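Student: Need a 3D model of the following:
(chains A, B, C and D)
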2 protein chains.
Amino acid sequence: MSTAELKEAREIFIECLKSRGLRYTTQREAILETFLSSVKHLTVEDLYNIVRQRHVDIGYATVHRNMKFLVECSIADEIKIGNDKARFEKHFGQDHHDHLICLKCGVFIEVHDSTIEMLQNKLAADNEFIPQRHKLEIYGICRQCR
Amino acid sequence: MSTAELKEAREIFIECLKSRGLRYTTQREAILETFLSSVKHLTVEDLYNIVRQRHVDIGYATVHRNMKFLVECSIADEIKIGNDKARFEKHFGQDHHDHLICLKCGVFIEVHDSTIEMLQNKLAADNEFIPQRHKLEIYGICRQCR
DNA sequence: ATAATAATGATAAGCATTATCATAACTTTA
DNA sequence: TAAAGTTATGATAATGCTTATCATTATTAT
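Tutor: Prediction:
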């Protein structure tokens, strides 16, 4: 994530906090920046361990709480696979939540197909259903693991 | 589920058990039949409570264990939404795993679209990914809850 | 019948998530 | 600036679902 994007995300976060009368603390800043600079899909524990490098005394609960909050602010999305720990990824905007998930190495590949999106909406409409969000996960074997 | 289908599922189950040197017990029969005659997507707890009506002394662990086993035998599919309890539905065969899920009443509507399936496979192929199974969930508001 | 194997049922353990709460930090008000 | 009010934090307990353990029971094979 570029410096500009990071700055924008921070502003969205601060705005989201402000609108609820909440504060932009050093912990929140550290969590946000750690999250934004991460490449992979990290768990709360992963993030906790990284944030502690710069903010020694931060608590697990604080990281957990604020990751949930980043989701509410539409900065992060939470991914849950089975009973595994939740993982977090950057939010891409409406309807960009598709993943190819490798059953061997566990890698998440992000993908998008607007025709599928369109058909999903049609599928919902055919059932008189008002779609709000969706989740598409394709499990299989990635190129590296073949 | 018709009597014929029930009979077929039972035979698949028995076959699957046999191939592993396992037994078709009265508990397994009760669990299978309860599961097959259920209309909704039930949790282990739901199934446990229903099975107990006919098999008073059955244990929760037995129901849990055997529902997992039905999944392995491809008779049932497990559905996990967030941190909710797992729910089970009848297995429909390859690639029929799509759901419209109402955010108000929680109802699961089963849907299928072969064009989407096809596009999913294309999406995987474009990423040199070998798909094995997938999960598509569309969250929104159902007709009744509108 | 006896030995061997598997299944069951009760319960404990495991684990991720969430709630609680005393203390600390920050903001607002006077 | 001091006091009062509000929110955040961090440690830990509680919760809840899933899974493991194990003694006992049931079934199968010898």
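Student: Please list the residues of chain A that sit near chain B.
Tutor: Contact residues (Cβ under 8 Å from any Cβ of the partner chain) of chain A with chain B: A:80, A:82-83, A:98, A:100, A:102-103, A:109, A:111, A:113, A:115-116, A:119-120, A:123-124, A:127-143, A:146. In short, each C-beta sits where N, CA and C put it, glycine included.
Student: buried subset of the residues you listed?
Tutor: Neighbour counting by 16 or more other Cβ atoms under 10 Å in any protein chain shown classes A:98, A:100, A:102, A:109, A:111, A:113, A:116, A:120, A:123-124, A:127, A:129-131, A:134-142 among those as buried.
Student: I figured A:K80 hits B:E137, correct?
Tutor: No. If you go by Cβ atoms under 8 Å, A:K80 and B:E137 don't touch, sitting 11.4 Å apart.
Student: re the thing from before, restrict the residues of chain A next to chain B to those that also contact DNA strand D, please.
Tutor: Counting by Cβ under 7 Å from any atom of the strand, the subset of those that neighbours DNA strand D consists of A:N83.
Student: out of the residues of chain A next to chain B, which are inside strands?
Tutor: When the residues of chain A next to chain B are checked against strands (DSSP state E), the matches are A:98, A:100, A:102, A:109, A:111, A:130-141.
Student: I'd like the domain boundaries of chain A, if you could list them.
Tutor: In terms of domains, chain A is parsed into A:3-90, A:98-140 (source: automatic domain parsing).
Student: Run the chain-centre distance for the shortest one.
Tutor: This means domain A:98-140. Distance of domain A:98-140 from its chain centroid, counting by Cα atoms, centre = their mean, to the nearest Å, is 16 Å.
Student: closest point of chain A to DNA strand D, which residue?
Tutor: A:G59 (2.5 Å; Cβ to the nearest atom of the strand).
Student: Next one: A:F108 from B:D84, what distance?
Tutor: Relative to B:D84, A:F108 is positioned 22 Å away (Cβ to Cβ, to the nearest Å).
Student: cool, and A:Q27?
Tutor: For A:Q27, the distance to B:D84 - Cβ to Cβ - is 30 Å.
Student: can you pull the pLDDT of the closest residue to A:I50 other than its chain neighbours?
Tutor: With sequence-adjacent residues excluded and distances taken as Cβ to Cβ, 6 or more residues apart in numbering or on different chains, A:I50 is closest to A:T34, at 5.0 Å. Per-residue confidence (pLDDT) for A:T34: 96.
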